[in-house]
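In: No sequence on hand, only this structure:
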């Protein structure tokens, strides 16, 4: 009888509905549009929950990312935490704060575009947005909570679990994201960036959470601990060293650095090793594995590289530079309670 | 071996740990400090997830609320959504954004105080904070995701479910929170507010989510649908009317309004009916029940009042005023996509 939506907020939610990838199901018997989402648990299932914030000017700028890209990346950084445990994404709650000074129509369109980006992630990894919230505020902020699930018998990886003699491994090419951000800064806009650097830019703007790699690595008994590289290898290594009461010596081989990253490094006069160690926002996986770990056994498409060792011979984290000299990796990388961001 | 925390963020988290009410358990086998929290599900359990934002200057001001109160209320508004479904809180994830212009020490102390408030809610309703995130940003924002749980055989209430002939009921005294905010504005600071108005102020600053009432009402087969009053009765009624394809006539009896609210209304020249209809932030429950519903059967301490009827005689939501005249309840109440807030 009453066909007028109770609020424009409600009307917008109705418009977002087809983008949520969320259908009434045995798992989610309620469907959307209520105060909360119901998740019926099967016997013996493990759920994991993770939350991450994505804040304008702190984590992204609308100057070089459109709202769809912003939505995708906001979700990707959460999925990366699911990946670090070795779980599959199961459902997410999305809280969006939009700037109070922008007019309602622009806000609605932008939120719709954010949801398009979220939806792209939902479809790629096959999970729904199961709830959320909208509020006005001082700038754009996207806060997501993500649930990951795994069978009760599945092995989930933690930060703790490193064993004596373990090596340190990475997926992908950390440092690419920081290099991409430098390229954006240098050339001023995406359109002006030479084609050869677009892979670096893509690493920054549209990172791929390593869901499949995470699940496969968690199944491998030779892998002992895992974390994702959101705040830079230096900081994640310090966390692994701290949690496992051990030291780390980083000795990345030259094949850990993409040629285009080295080229941009030469062009800008910035050290690519800084991007590798302190850049962050790569959303690759950093993991500890025993000497028996054989990367050749991994399925095609999952590429990993050894970058160091866990050892009690040193305290804290050290880096062996090109001249073979051991340099202590100083406290750095992304830290919200520190005054500013490196690089 | 390494006793220095990997970051000051990490150090703060360690300080927060005792305040989280979070112990390693069968339900949460991981304990805190990892990328994500693990929730082992028992066979046949229902989980609900809900998310709400609490934004400085939009939802609260540090001028009249301290950080402990801010933390408590941020959690309370989430618990209210669990209550509206008839579930018990099970675990929460907390994302805090803090202002970039405040120095690190003040930030840490303020976050600690926020967690004290969160902890008060956690202890009162016996659930843990199971994860979260910290980030800098333009102002204080607390985004919480809360999971509520119920047995698989438990009846959960939704917004839909109203039956022909149902009456509309409320818990508590909606309008009190808006009146409390007016009192704060009128007297300038909490200290200057006359004692007689302190209950109203408490309604605004420290609302009580109706967890027990929600669970008990959900068990009562005469109760058909429920929603919490976060955005004002007018808006929640429009939502109930819309979702259930029915009209509503509001006819609150005079005993729905606290005498101190009426006194403040006289003193300020503002209509207490506006606070009741449009004020919001009461976090009371609004529910539909059949004529067979007997409030006398509810346990002591759960007080409910009938305020209207669902009817197909009208479209949309109407209010019968003191003179017996039917007035259409206009689109109002808290709507984030509308230009400003009433009152």
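Out: Ah, there it is. All values reported here derive from a predicted model rather than from experimental measurement.

In: number of nearby residues for residue A:24?
Out: 10 (other Cβ atoms under 10 Å in any protein chain shown). Any C-beta I mention is one placed from the backbone N, CA and C, and that applies to glycine too.

In: oh sorry, the question was meant for residue A:163
Out: 14.

In: Check the one 10 residues further on too.
Out: Under the neighbour criterion other Cβ under 10 Å, residue A:173 is assigned a count of 22.

In: now swap in the one 3 residues further on and tell me
Out: Counted with other Cβ under 10 Å, the neighbours of residue A:176 add up to 28.

In: and what of the one 3 residues further on?
Out: Residue A:179 has 32 neighbouring residues, counting by other Cβ under 10 Å.

In: next one: the one 4 residues further on
Out: Using other Cβ under 10 Å, residue A:183 has 24 other residues around it.

In: repeat for residue A:43
Out: Residue A:43: 10 surrounding residues under other Cβ under 10 Å.

In: OK, contacts around it?
Out: Neighbouring residues of residue A:43 by Cβ atoms under 8 Å, 6 or more residues apart in numbering or on different chains: B:41, B:42, B:43, B:44.

In: one more time with 7 Å, if that's ok
Out: Residue A:43 makes contact with residue B:43, according to Cβ atoms under 7 Å, 6 or more residues apart in numbering or on different chains.

In: Is it in a helix, a strand, or coil?
Out: coil (DSSP: H, G, I helix; E, B strand; the rest coil).

In: Could you give me the buried positions within stretch A:154-169?
Out: By 16 or more other Cβ atoms under 10 Å in any protein chain shown, the buried positions in stretch A:154-169 come out as A:154, A:156, A:157, A:158, A:159, A:160, A:161, A:162, A:166, A:167, A:168, A:169.

In: Wait, the second one touches residue A:88, no?
Out: No: shown here, residue A:156 and residue A:88 do not form a contact pair, counting by Cβ atoms under 7 Å, at 11.2 Å.

In: Mind listing the shared neighbours of these two?
Out: With Cβ under 7 Å, 6+ apart, residue A:156 and residue A:88 have common neighbours residue A:150.

In: Locate residue A:24 within the secondary structure: which element?
Out: When elements are assigned from DSSP states H and E, residue A:24 belongs to no helix and no strand.

In: per-residue confidence for it?
Out: Looking at residue A:24, its pLDDT stands at 77.

In: Could you break chain A into its assigned domains?
Out: Domain assignment for chain A, taken from automatic domain parsing, gives A:8-151, A:167-328.

In: Next, format those as JSON lines and append distance to residue B:314.
Out: Converted to JSON lines, the domains of chain A look like this (distance: least, Cβ to Cβ, whole Å):
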{"stretch": "domain A:8-151", "distance to residue B:314": "20"}
{"stretch": "domain A:167-328", "distance to residue B:314": "51"}
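
In: most tightly surrounded among those?
Out: Ranked by mean neighbour count, those are led by domain A:8-151 with a mean of 21 (mean count of other Cβ atoms under 10 Å in any protein chain shown).

In: How much space separates the residue in the stretch 201-343 of chain A positioned nearest to chain B from residue A:54?
Out: Nearest residue of the stretch 201-343 of chain A to chain B (Cβ to the nearest Cβ) works out as residue A:238 at 3.8 Å. To residue A:54, residue A:238 is 24 Å away according to Cβ to Cβ, to the nearest Å.

In: now swap in residue A:205 and tell me
Out: To residue A:54, residue A:205 is 13 Å away according to Cβ to Cβ.

In: Doesn't residue A:178 belong to a helix?
Out: Yes: if the criterion is three-state DSSP, then residue A:178 is within a helix.

In: I'd say it and residue A:279 touch.
Out: Yes: between residue A:178 and residue A:279 there is a contact under Cβ under 7 Å: 2.5 Å.

In: need the residues of the stretch 51-200 of chain A near chain B, please.
Out: Neighbours of chain B within the stretch 51-200 of chain A, by Cβ under 7 Å from any Cβ of the partner chain: A:51-53, A:55, A:58, A:81-82, A:84-85, A:93, A:95, A:97, A:104, A:107-108, A:130-139, A:141, A:143, A:145, A:148, A:156, A:158-159.

In: remind me, longest helix of chain A?
Out: For chain A, the helix that runs over the most residues, judged by DSSP state H, is helix A:104-125.

In: so what does that helix touch, helix or strand wise?
Out: Counting contacts by 3 or more Cβ pairs under 7 Å, 6 or more residues apart in numbering or on different chains; DSSP states H and E, helix A:104-125 is packed against helix A:8-16, helix A:67-85, strand A:88-99.

In: Show residues contacting that helix.
Out: A:8, A:12, A:15-16, A:19, A:21, A:66-72, A:75-76, A:79, A:89, A:94, A:96, A:98, A:128-129, A:142, A:211, B:337.

In: Look at residue A:103 and report its pLDDT.
Out: Note for residue A:103: predicted pLDDT of 82.

In: pLDDT of stretch A:44-57, averaged?
Out: For stretch A:44-57, the per-residue pLDDT averages 90.

In: what is the orientation angle of the strand or helix carrying residue A:133 with helix B:67-85?
Out: Assigned by DSSP H and E, residue A:133 belongs to strand A:129-137. Per axes from the mean of the first three to the mean of the last three Cα atoms, to 10 degrees, the angle that strand A:129-137 makes with helix B:67-85 is 140 degrees.

In: Parallel or antiparallel, list what pairs with the next helix or strand after strand A:129-137.
Out: Sequence order places strand A:141-151 as the next helix or strand after strand A:129-137, per DSSP H and E. Strand A:141-151 has its sheet partners listed here by DSSP bridges as strand A:45-55 (antiparallel), strand A:88-99 (antiparallel).

In: for the record, mean pLDDT for strand A:141-151?
Out: The pLDDT scores in strand A:141-151 average 93.

In: and that strand, how far from the chain's centre?
Out: 12 Å (Cα atoms, centre = their mean, to the nearest Å).

In: Quick one: work out the angle between that strand and helix A:104-125.
Out: 20 degrees.

In: after strand A:141-151 comes which helix or strand?
Out: Strand A:141-151 is succeeded, C-terminally, by strand A:167-171 (DSSP H and E).

In: just checking, what packs against that next one?
Out: Using 3+ Cβ pairs under 7 Å, 6+ apart, strand A:167-171 is in contact with strand A:285-289, strand A:304-311.
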